[in-house]
Structures are given as C-alpha cells and as structure tokens.
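Peer 1: can you look at this prediction? I've put the sequence above it.
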Amino acid sequence: MSNDPLVCHDGGSPRTTAFEALLLSIFQLRLFYPTLLLLTLVSLLRLQYNRQLKITRTTSAVPGLPSVPNAHPYFGHYRMLSDPLRHSFIFRDHATPSGISSIWGPGLKRCAAVLQASHARLVLRQNSQRDFSEWIVRHGRKSLGEDSLILIPGGAHWKSVRKVVARAFTHNIVRDQRLVIGKCARELVDWLEWSCDADASRGGGGGNDAAQEPIEACDFFKLYSYCVFGRVAMGHDFQSIPTNKGGIQRPHPSSSKRCMPPEAEAFESIVANIGLRSTSPRSFMNPAMQLYWIPTRTNRAYWKNSNMVDEMMGLIIGNQLDCMLRSSLQKEREKENKSFEGCPAGENADSSLLSYLIQSSLEKHFSIESSSACPFAASSQSRSTLPASSSCAGVSSFQFPSEITPAARKKIIEDISKILRTLLLAGYETTSISLSYTMYSLANSPRCQERCCEEARRVLVRQKKDASMNSSHSSDGDGEDSFDADDDDLPYCRAVLMEAIRLNMPVIFTTRVISKDLSLETGNEDDEYGKGSRVTILKGTRIVINPQMIHRDERNFDRAEEFVPERWVRWDEGVGRWVDRDYNAEAKKSTEHASSLASSIATPPSLSSKYTIENSQADCIPAANPANFFAFSDGARNCVGRRLALLESTLLIAELFRNLCVGFADKDFQLVKKVSFVTVRPSSLPIKFWKR
Ligand code: HEM
C-alpha cells in the first residue's frame with residue numbers, strides 16, 4: 001500500500017485537503033522558480049561560453065598577426081603558456097617569422113607575445129606598466145600590503161616606492177655585504193663537506209658512485225637564500241644553516257626541509273596562500289577562501305602565520321630603528337661632549353640593507369610630510385630632538401633624527417615590514433630555484449665544474465697573496481678561508497649562473513601594457529610578410545614576454561639550447577683571468593677580420609686534460625649579447641634585487657666547486673618542472689655532492 005499522503009486510500013479518486021493543496025503549491029513554487037532560474041543561468045552561461053569560444057578560436061587578438069589557436073575561453077592562453085617548456089611550440093609555430101603572435105589573455109584581454117629579443121627590449125624599455133589579475137592583486141595586497149612594489153601596476157606611486165627600495169640595492173651597498181654573504185656560503189659548504197665525510201665514514205666511500213643520501217636542491221638552497229636574506233637585508237641571523245656549535249649534532253643536508261626556521265615556513269605558507277586563493281578556480285567560488293574573517297582552518301592558519309611573520313619583522317625592524325636612533329643621539333651627545341651609551345657591542349646601526357631601507361623610508365616620509373606635519377616632530381611632552389640640518393625642508397638636507405614620535409615609529413615599522421615581505425617573496429624562492437637550475441646544468445657538465453674550481457682556487461690564492469702583502473686578510477674565524485671577493489672577481493662562476501638561468505628561468509613570464517601605439521617589424525626577406533613589413537600594436541595592448549623562450553631561440557643566442565658559459569666570458573692572457581666578453585667590440589671585429597678571430601682565442605689554465613676538446617669547442621662560441629638576456633627583465637621595472645642575486649649565487653658557486661663536485665642522485669634523472677604561483681621550479685631535483 002502506498003504511503004503517499006496526497007493519495008486518498010478509501011478507494012475513490014485522490015483528494016487533497018486545503019492544507020495539502022497549500023503545501024503542494026508551495027512545494028511546486030519552491031522548485032519551479034529556482035529550477036527556471038537555474039536553467040536560464042546555465043543557458044546564458046553556455047551562450048557566453050560559446051561566444052567566447054568562437055571569438056578566441058576564430059579571431060586574432062591583434063589584427064595583422066597570426067593567432068595561436070585553441071585558447072581557453074576564460075583563461076586565454078595564460079594557463080597554456082605557464083609551462084614554457086611544454087608549450088613553447090605554440091609561440092614558435094604560430095608566430096610571424098620575426099616571432100610575434102597574437103593571443104588572448106584571461107577575460108579576453110588583447111595580448112601580443114614576442115619572441116625576438118629586440119622586440120622584448122623595446123617593450124620593456126619603453127613601458128613600466130605591469131598588470132596582474134584582479135584576484136592576484138586583491139589577495140597579494142592582503143598578504144604583502146597595499147604598497148607592494150610587485151603589485152603596483154606602475155605610475156607615480158610605483159616610482160616613489162621603487163626609489164625607496166632601489167636605494168638599498170645599489171651596487172656599492174650590496175658589494176659591502178660580500179663578506180657577510182661569503183660567510184653564509186662558507187657555512188653551507190662546511191655543512192656539505194661535513195656530510196660528505198659522514199657519508200664516507202658510514203661506508204659510502206667518496207666519489208660519484210658512492211651511495212649517499214640524496215639532497216633535494218630547492219629545499220637545500222632555500223636555507224642559504226633565507227640565511228643571506230636574514231643577514232644581509234635584515235641584519236638578523238635566522239640560523240637556517242645548521243652548525244655543530246653548542247655540541248648539537250647537525251642533521252644531514254638530505255633532511256634540509258626539516259631545518260627551515262618556523263618564520264620561513266610561515267612566510268612560505270602565506271605565499272602559497274596567495275596562489276591558492278587567487279589562481280585556483282575552485283577558490284573563486286568558495287566564500288571561505290575569499291573572506292578572511294570566516295574561522296575556517298585555512299583562515300586560522302593564515303592569520304597565525306601572518307601574525308608570526310609580522311611579529312618577527314616588527315621586532316627586527318624596531319631594534320634596528322632604535323639602534324639607529326641611539327647612534328644618532330650618541331653623535332649628537334658627542335658633539336656636545338656628553339658621554340652616552342650607544343648601540344650594544346656587536347650591534348651595528350649601518351650593517352644591513354635594512355638600515356638603508358629605514359633611512360630611505362624616513363626620507364620619503366620626511367619629504368612627503370614636510371609641508372604638513374613632520375613625522376619626527378616630537379610630541380608636545382617630549383623634547384624636540386631634530387638636528388638643525390634635518391628641518392622639514394626636504395630630502396637633500398636630511399639627517400637621521402635621534403627621536404621620533406611613537407606614531408611615526410609604528411608607521412615606519414609597518415611600512416618596512418611590508419617592503420621586506422615583498423622582497424622576501426621576490427628574492428627568496430627565485431634565488432634558490434636559480435641555484436637549483438645551476439646545479440642541474442653543472443651536474444650535466446663536469447667540464448664547467450672543473451673551470452669553476454680552477455677559478456675559485458686561483459682567486460683564493462691571489463686573495464691570500466694580496467692579504468699577506470697588505471696583512472689585512474679577513475678570515476671567517478673558524479680557521480677556514482672564505483671569499484673576500486665579489487662577483488666581478490669571479491666572472492666564470494657568474495657566467496655559469498647566467499647561462500643556467502638563461503636556459504631555465506625561475507619566473508614564468510612578465511607583461512607590460514603599452515602606453516602608446518607600437519610599431520614592430522613582422523617579416524624577413526624570404527617570407528610572405530617581406531623585409532620591412534610592420535604591424536602596429538595598439539596602445540593598451542598587453543605584451544607577454546616569456547624570457548625562457550626568448551633565451552632558447554636561435555635568433556637571439558647561438559647554439560641556444562646548449563649550456564655554454566663561455567659565451568659570456570673569455571680568458572684574457574694579459575691579465576691572467578676570465579673577463580666579460582664585449583659583444584659589440586667582438587661583433588665589429590668579426591666582420592672586419594673574420595679569419596683571424598679563431599686564432600686569437602687564448603687557452604685558459606686547466607686542472608686536467610680531461611676536457612680539452614670540449615673546452616676548445618666552448619671557447620669558440622660567439623659572444624652573447626647581454627641585451628638579449630631577460631632573466632632579470634629590463635627597463636625601469638627590472639629586478640631590483642639583481643645585484644644581490646648575482647653576488648650571493650656567484651659566491652656560493654665558487655665556494656661549492658672549489659672542493660666539491662655535484663651529480664644527480666639518480667643517473668637517469670629527467671627534469672620535470674612545476675609551476676607554483678609565479679615561479680617555475682623543478683618538481684624534484686635530487687642531487688649529491690662529493691669531495692674532489
Ligand atoms: C636569481 C634570482 C632572481 C631572479 C631570476 C629575479 C627575476 C625577476 C624578474 C624576472 C622580475 C620581473 C621584472 C619585470 O616584470 O620586468 C623581478 C622583479 C623583482 N625582483 Fe627579482 N629576481 C631574482 C632575485 C631577486 C632578489 C634577491 C630580490 C630582492 C631581495 C628581488 C626583488 C625583486 C623586486 C622587488 C621586483 C619587482 C620590481 C618592480 O616591480 O619594480 N629579486 N625579478
């Protein structure tokens with residue numbers, strides 16, 4: 001028997017009571033209208049989807065240029081381009097002979113992609129407007145602050161923030177940090193050498209064939225870049241590189257992931273969070289991922305990590321600021337001949353880039369607020385401590401004050417904390433990924449490892465000789481020699497890094513929105529476009545620049561797919577060292593005396609005769625044009641931390657290879673990459689080191 005309440009069971013026709021009829025109508029209304037609404041929505045979405053599909057498949061984003069087919073209707077080509085190795089063919093195969101194609105960006109944004117270095121250079125040098133998706137900007141700003149240099153699209157505001165940051169990264173300021181960086185490199189290599197000995201004593205033996213614990217390259221080099229960032233940019237030691245000090249046995253570098261300081265893990269999780277919330281389609285529909293105040297597990301973890309990073313940065317910046325204030329007061333007192341206790345012993349007010357950031361930030365506040373309230377004007381109850389020269393007149397007459405108002409102190413700490421978050425995001429992973437790619441390239445090239453070793457040993461010997469003559473040699477205090485050199489002293493090691501990131505770039509791609517119509521050449525002599533033909537790309541179009549594809553194109557570099565550091569440097573017999581190659585001078589010389597060029601190549605010293613043939617083949621490569629190298633981008637919006645990245649990576653390469661060799665833990669290793677947020681990294685790169 002049916003239990004349906006709407007059926008009469010007395011044998012007659014079904015009857016409904018008034019109440020049941022009401023229920024029925026509500027039930028019907030309830031389902032009918034939402035269903036109707038849903039169906040309408042789905043049809044509209046389908047219509048829109050088909051429209052976009054038609055547009056993206058059939059029309060060119062930039063008229064006059066070949067279009068890359070099969071764009072995703074909502075994400076354009078961005079998703080496809082995000083893995084430059086797998087998808088590079090869609091640029092090359094669907095471009096004009098001079099390498100320009102037309103693509104759709106997310107939300108049907110009009111984009112042109114360029115492959116030729118001269119086009120990329122033109123775009124980067126003429127424009128400083130970069131754009132990210134609304135979602136990335138929204139979540140990025142939440143985590144990195146409103147004024148995050150990376151996220152500001154361009155314009156006057158970007159210029160003023162960039163000025164503050166760029167001042168802390170000038171050539172000389174970064175160069176002054178070489179001893180601090182050299183010491184970090186020495187500590188990391190000391191740890192590795194200790195692990196090689198430990199492996200050997202456990203029966204692993206030495207050399208390439210020995211069984212050793214594999215080291216995950218990215219995790220391992222993160223410890224180094226975190227250490228350098230802490231000491232150089234913040235004047236703080238995070239102790240991310242384990243030492244044997246204090247009698248505690250350090251772990252093997254194969255477990256480097258577990259050595260990450262908690263603040264570094266917290267920061268990484270914040271960065272991963274930006275990526276998750278702003279690039280995953282599932283997150284867009286999930287209110288708990290979009291609204292930070294909902295007490296979900298992800299949001300609670302986010303706030304916990306964010307507070308941890310804020311607290312750590314607040315403490316470090318506050319200490320440095322107070323120290324600088326005390327120093328300033330000390331100087332003032334000294335002038336007045338009064339004794340005063342300044343910074344505690346060992347604390348140096350001007351030791352790190354942080355001091356320059358603080359100073360630039362003070363100057364910025366100072367000049368901005370000079371017309372209204374000066375941030376350093378002491379409150380009514382405290383004495384006026386501004387030195388006479390630091391009146392609120394402007395930057396040029398700036399002198400560090402000895403006291404500031406509590407509100408100004410808080411503001412400065414907040415501002416610098418945001419700048420440091422951005423620098424950490426931009427500099428920490430990029431450097432560790434670059435070093436990992438360098439190990440990948442060197443593991444494939446024992447020949448280049450040997451040349452790095454030769455250069456590192458030679459520079460160290462010369463350094464010792466110079467030091468014994470001047471008797472001002474600095475040692476790291478542990479009886480080990482570390483480099484008192486910068487990357488200009490180690491051109492071969494620097495060339496190795498440049499060549500490694502030429503082939504494998506840590507940053508996926510960059511974009512510029514062009515501010516005025518741009519005319520680019522589209523053809524060559526023997527193609528359908530013809531030499532001299534041009535296309536006009538309209539103002540407001542987004543230009544996509546994928547450096548790795550530009551770097552791997554024969555139009556821009558000879559033997560583009562090969563790892564040949566010698567394209568950047570040559571051996572100079574006269575000075576007895578590697579020197580940077582002068583592309584323009586060599587290009588001129590080669591057209592004038594083509595035949596005499598090969599015979600003019602000097603033979604560099606070698607540790608063995610093992611690689612004689614390969615070395616001489618490498619030495620014959622034409623010079624690379626540095627203007628075609630975009631790993632740090634170009635123009636006004638290039639990488640602000642380039643100097644630091646080059647210095648820290650070069651010093652580590654020299655320190656590593658003077659006594660060690662690198663190889664793959666697995667002999668059949670194949671590089672597979674993964675995209676995370678804005679970087680492309682090896683999904684895994686297990687390597688091993690052994691002593692020479
Ligand atoms: C090998 C390591 C590095 C690589 C490959 C790299 C690469 C890049 C690239 C490609 C850009 C984008 C520029 C553009 O859009 O045109 C960039 C921007 C930036 N980089 Fe680096 N970078 C590295 C290390 C660093 C370091 C160590 C720092 C600082 C500590 C840093 C700070 C920045 C900042 C702040 C920006 C944004 C500049 C702006 O928008 O004006 N980078 N970097």
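Peer 2: Structure received.

Peer 1: now the closest residue to residue 358 other than its chain neighbours: how far from residue 409?
Peer 2: For residue 358, ignoring the flanking residues on the chain, the nearest one in space by CB to CB, 6 or more residues apart in numbering is residue 321 at 5.7 Å. To be clear about C-beta, it is placed using only N, CA and C from the backbone, and glycine gets the same treatment. Note on residue 321: its distance to residue 409, by CB to CB, to the nearest Å, is 7 Å.

Peer 1: and these two? which has more neighbours close in?
Peer 2: residue 321 (21 against 18; other CB atoms under 10 Å).

Peer 1: which one of the residues in the stretch 501-650 of the chain is closest to the ligand?
Peer 2: Closest to the ligand within the stretch 501-650 of the chain is residue 641: 2.0 Å, counting by CB to the nearest ligand atom.

Peer 1: list the contacts for that residue?
Peer 2: When contacts are counted by CB atoms under 8 Å, 6 or more residues apart in numbering, residue 641 touches 169, 423, 426-427.

Peer 1: which pLDDT does the model give residue 158?
Peer 2: Looking at residue 158, its pLDDT reads 91.

Peer 1: surely it is in contact with residue 152?
Peer 2: Yes - between residue 158 and residue 152 there is a contact at 4.2 Å, judged by CB atoms under 8 Å.

Peer 1: returning to what we had before: what's the pLDDT at the residue nearest to residue 358?
Peer 2: Residue-level pLDDT assigned to residue 321 equals 86.

Peer 1: mind checking the SS state of it?
Peer 2: Following DSSP: H, G, I helix; E, B strand; the rest coil, the label given to residue 321 is helix.

Peer 1: select the longest helix from this structure.
Peer 2: As assigned by DSSP state H, the longest helix anywhere in the chain is helix 18-58.

Peer 1: next SSE after that helix?
Peer 2: Using DSSP states H and E, the helix or strand that follows helix 18-58 in sequence is helix 78-81.

Peer 1: tell me where the model's unsure across the stretch 501-650 of the chain.
Peer 2: When residues are selected by pLDDT under 70, those of the stretch 501-650 of the chain lie in 591-600.

Peer 1: and if we set it to 90?
Peer 2: Counting by pLDDT under 90, the ranges of the stretch 501-650 of the chain that qualify are 507-510, 523-532, 548-549, 555, 573, 584-610.

Peer 1: show me where it has its helices.
Peer 2: Taking DSSP state H, counting those that start in this stretch as the test, the helices found in the stretch 501-650 of the chain are 547-551, 583-592, 612-619, 642-657.

Peer 1: for those, give me a markdown table that also has distance to residue 524 and mean neighbour count.
Peer 2: Converted to a markdown table, those look like this (distance: least, CB to CB, whole Å; neighbours: other CB atoms under 10 Å):
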| stretch | distance to residue 524 | mean neighbour count |
| --- | --- | --- |
| helix 547-551 | 17 | 25 |
| helix 583-592 | 20 | 12 |
| helix 612-619 | 29 | 15 |
| helix 642-657 | 33 | 26 |
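
Peer 1: export the ones you listed as a markdown table, with columns for distance to residue 330.
Peer 2: Putting the helices of the stretch 501-650 of the chain into a markdown table (distance: least, CB to CB, whole Å) gives the following:
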| stretch | distance to residue 330 |
| --- | --- |
| helix 547-551 | 48 |
| helix 583-592 | 50 |
| helix 612-619 | 56 |
| helix 642-657 | 30 |
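
Peer 1: the residue positioned nearest the centre of the chain and the ligand, how far apart?
Peer 2: Centroid check for the chain by CA atoms, centre = their mean gives residue 430 as the closest residue, at 3.5 Å. Residue 430 sits at a distance of 4 Å from the ligand (criterion: CB to the nearest ligand atom, to the nearest Å).

Peer 1: repeat that for residue 409.
Peer 2: 24 Å.
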